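Participant: Okay, here's the prediction I keep looking at, along with the sequence it came from:
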Amino acid sequence: MAEQPQPRQETMSPGERMGAILMRQRPDRVPFMPFIFGYCARNVGYPIARVYDDPEKSFWAQMWTAEMFGYDGGAMYAYASMGGWEFGGEIKMPVSEWEQAPIVAKFPAETPEAVDALEIPDVETAGCYPIALEFNKIQQQFGMPIMVMAFGCFTPAGNIAEVDKLCRWMMKQPDVAHKLLRKCTDFSKKVVDYYVEHFPNYPMMAFTGEASAANQIISPKQFEEFVLPYQKEIHDHILASGIRNIFCHICGEQNLNLKYWAQMEYGDPGILSFGHEVDLSTAIEYFGDKHAIAGNVEPQIIQNGTNQQVYELCKAAIDKAKMAPSGYLLMAGCEVPVQAPPYNIYVMKKAVMEHGFYD
Amino acid sequence: MATEARKKEILKGLYDGVVEFDEDKVVELSNAVLAEDVDAYEAIMDGLAAGMEHVGDLYANQEYFVPEVLMCSDALYAGLDILRPHLSGKEADVRGQVVIGTVEGDVHDIGKNLVKMMFDVAGFEVHDLGRDVKLEKFVEEQMKTDSEIVALSALMTTSMLAMPKVIEMIKARNPDAMIMVGGAPISQEVADNYGADGYAQNAANAVQEAIQMVSRLREMGKA
């Protein structure tokens, strides 16, 4: 019978561990940052919506859940459906047991004329930003680094116009698509400027992500024209503003886009997280020399799989990526589903404790 | 009356028009079908539908992506709108009825819309409930329309959990209804675990599954 691996003694705090990654040093073990939002609210007995609409409850739900499972990521405010609300549409907070995160209830610009009429919003009043800013002030109060939710370009554009309309404009009226992407990019830069101005000299990391540009939707050629220049501009602006690190979630099937993602800057180092569709060895090959790699445990398995399946997936990910030149963080391939069994999250930590230490 | 050579030319033009998402060409040739007395059913099946089938292959092979497929779909519907009213008798009979929708909690409907289009072109009568559909609505619509098939779509891992619930609800009211599931997090294994009768890996496969389901029901004398 194979000998059971024994958990080791941690010699770093979560803050020291994350700090080591950002200083390009080996931490005591692979950091475990699950990428978890709505789950935390449910975990502490709040409705899921509280993690998105109540800064105080959101912060504590995340901190308490991190304490409970012993993972390294602290708290951050983010969700994937940003764009619609911020530009004048409506958002619907999750209410039913089948909902995980906010969804766009009314798209603010469904015609080329409406795109023309869109104005770049004021950060202090735009959609979820007042909530995010309150959340960030709580982080500041507790001396925690702030994660700046840097909006983005393509996914927010799809949340402003609806993805199928954006796709049709890309084919028939590319000038309309570019106009919308320009407005999203300009707003992203405005958000970054706001944070730099209002949290001067405070430790910050920027969060960017891109889901709708996955190859399940657009081609690499379309990515090159409609995503790369805008996303690159946002990243360049973040780094030029003095924020040193970008955490970028490259969501879904993006294998054909990796050569373009590799043309962007992420800071020194950045943290790039991937879905299960991108093999961690491939991610390391493209980005591992310069940036830490995170991912890519399949959320569907975390939710529906047995604890043995989750453990094996995590062990395989750790074995594959632990020695990545700029570090590796164990993370879900996308948000941890709100109905995942708690034991499946526990075994993610167990896998880190049994296989993630550096000798 | 078109010659055989002209008919072939028109059908090939419709096929190409869909594949090359040339909506103007499809409209022009669909009008030519009527003006030159070409059989409308043949024009739909051997021109438009055949073209869309090839589009499905191009998508599966990552030569086309969603923006191209949507444009092909627009060209296809432009032709269907002209030709469908001219189907008659047996040709106009529907192959079966489908209730389709994205389950509650999920607003991602691009995949669902592509499946709907494939059902449309294959001659099914489609009852599209849209997205973020309350589970009871699937049950009500199936009962109201007596549809043989209910097609459920989900992209989100949380909303996929609504699928076994709605399958149970539909089967409790009508055990003969056939349920098909699809969407990014769904696999054959998940479909089996949820008690679905079919799994649609993609839009083209959804129609093949549906045709087999309807055949099974007819063999059992239940459709």
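Facilitator: Right, received. Where do you want to start?

Participant: Show me which residues of chain A sit near chain B.
Facilitator: A:94, A:96-100, A:103-104, A:163-164, A:167-168, A:170-172, A:215-219, A:222, A:252, A:256, A:299-300, A:303-304, A:337-339 (Cβ under 8 Å from any Cβ of the partner chain). Quick note: C-beta positions are derived from backbone N, CA and C, even for glycine.

Participant: So residue B:120: helix, strand or coil?
Facilitator: Reduced to three states with DSSP: H, G, I helix; E, B strand; the rest coil, the structure at residue B:120 is helix.

Participant: So residue A:260 sits against residue A:223, correct?
Facilitator: Yes - with contacts counted by Cβ atoms under 8 Å, residue A:260 reaches residue A:223, the gap being 5.5 Å.

Participant: More neighbours: the two, which one.
Facilitator: More crowded of residue A:260 and residue A:223, by other Cβ atoms under 10 Å in any protein chain shown: residue A:223, with 24 against 19.

Participant: so which strand or helix has the more buried one?
Facilitator: helix A:220-226 (DSSP states H and E).

Participant: List the neighbours of that helix that are in contact with it.
Facilitator: A:154, A:170, A:174, A:177-178, A:181, A:213, A:218, A:256-257, A:259-260, B:65, B:67 (Cβ atoms under 8 Å, 6 or more residues apart in numbering or on different chains).

Participant: again, only this time at 10 Å
Facilitator: Residues from elsewhere that reach helix A:220-226 (Cβ atoms under 10 Å, 6 or more residues apart in numbering or on different chains): A:153-154, A:157, A:166-167, A:169-171, A:174, A:177-178, A:180-181, A:210, A:213-215, A:217-219, A:227-228, A:231, A:254-261, A:263, B:62, B:65-68.

Participant: mean confidence for it?
Facilitator: Taken as a whole, helix A:220-226 has an average pLDDT of 98.

Participant: Okay, buried residues for that helix please.
Facilitator: Going by neighbour count (16 or more other Cβ atoms under 10 Å in any protein chain shown), the buried part of helix A:220-226 is A:220, A:222-223, A:226.

Participant: what's the closest of those residues to residue B:152?
Facilitator: residue A:222 (29.2 Å; Cβ to Cβ).

Participant: Now do the shared contacts for residue A:260 and residue A:223.
Facilitator: With Cβ under 10 Å, 6+ apart, residue A:260 and residue A:223 have common neighbours A:213, A:231, A:254.

Participant: which of the residues you listed lies closest to chain B?
Facilitator: residue A:213 (10.6 Å; Cβ to the nearest Cβ).

Participant: residues contacting the closest one?
Facilitator: A:152-155, A:157-158, A:220, A:222-223, A:226-228, A:231, A:250-252, A:254, A:257, A:260-261 are the contacts of residue A:213 under Cβ under 10 Å, 6+ apart.

Participant: Let me see the ranges of the strands in chain B.
Facilitator: Secondary structure of chain B (DSSP state E): strands located at B:97-102, B:125-128, B:149-153, B:178-182, B:198-200.

Participant: Between strand B:178-182 and the longest one, find me the angle.
Facilitator: Read that as strand B:97-102. Orientation check (axes from the mean of the first three to the mean of the last three Cα atoms, to 10 degrees): strand B:97-102 against strand B:178-182 gives 30 degrees.

Participant: burial measure for residue B:2, as a count.
Facilitator: Other residues close to residue B:2 by other Cβ under 10 Å number 16.

Participant: Return, as residue ranges, the portions of chain B with sub-threshold pLDDT.
Facilitator: For chain B, the stretches with pLDDT under 70 are B:89-94, B:204, B:218, B:220-223.

Participant: Using the record's assignment, carve it into domains.
Facilitator: B:4-91, B:94-219 (automatic domain parsing).

Participant: what about residue A:36, how many residues close to it?
Facilitator: Residue A:36: 27 neighbours (other Cβ under 10 Å).

Participant: which residue sits closest to residue 65, ignoring its sequence neighbours?
Facilitator: Picked chain A for this. Leaving aside its chain neighbours, residue A:65 sits nearest to residue A:40 (4.1 Å; criterion: Cβ to Cβ, 6 or more residues apart in numbering or on different chains).

Participant: was after chain B, sorry
Facilitator: residue A:219 (4.2 Å).

Participant: Also residue A:307?
Facilitator: Using Cβ to Cβ, 6+ apart, the nearest residue to residue A:307 is residue A:347, at 4.7 Å.

Participant: count of residues packed around the residue nearest to residue B:65?
Facilitator: Neighbours around residue A:219, by other Cβ under 10 Å: 20.

Participant: go on, residue B:82?
Facilitator: 19.

Participant: Wait, it touches residue B:23, no?
Facilitator: No - applying Cβ atoms under 10 Å as the test, residue B:82 and residue B:23 come out as separate, 11.4 Å apart.

Participant: residues contacting the residue nearest to residue A:65?
Facilitator: Counted by Cβ under 10 Å, 6+ apart, residue A:40 has contacts A:34, A:46, A:48, A:50-51, A:57-66, A:68-69, A:75, A:336, A:338.
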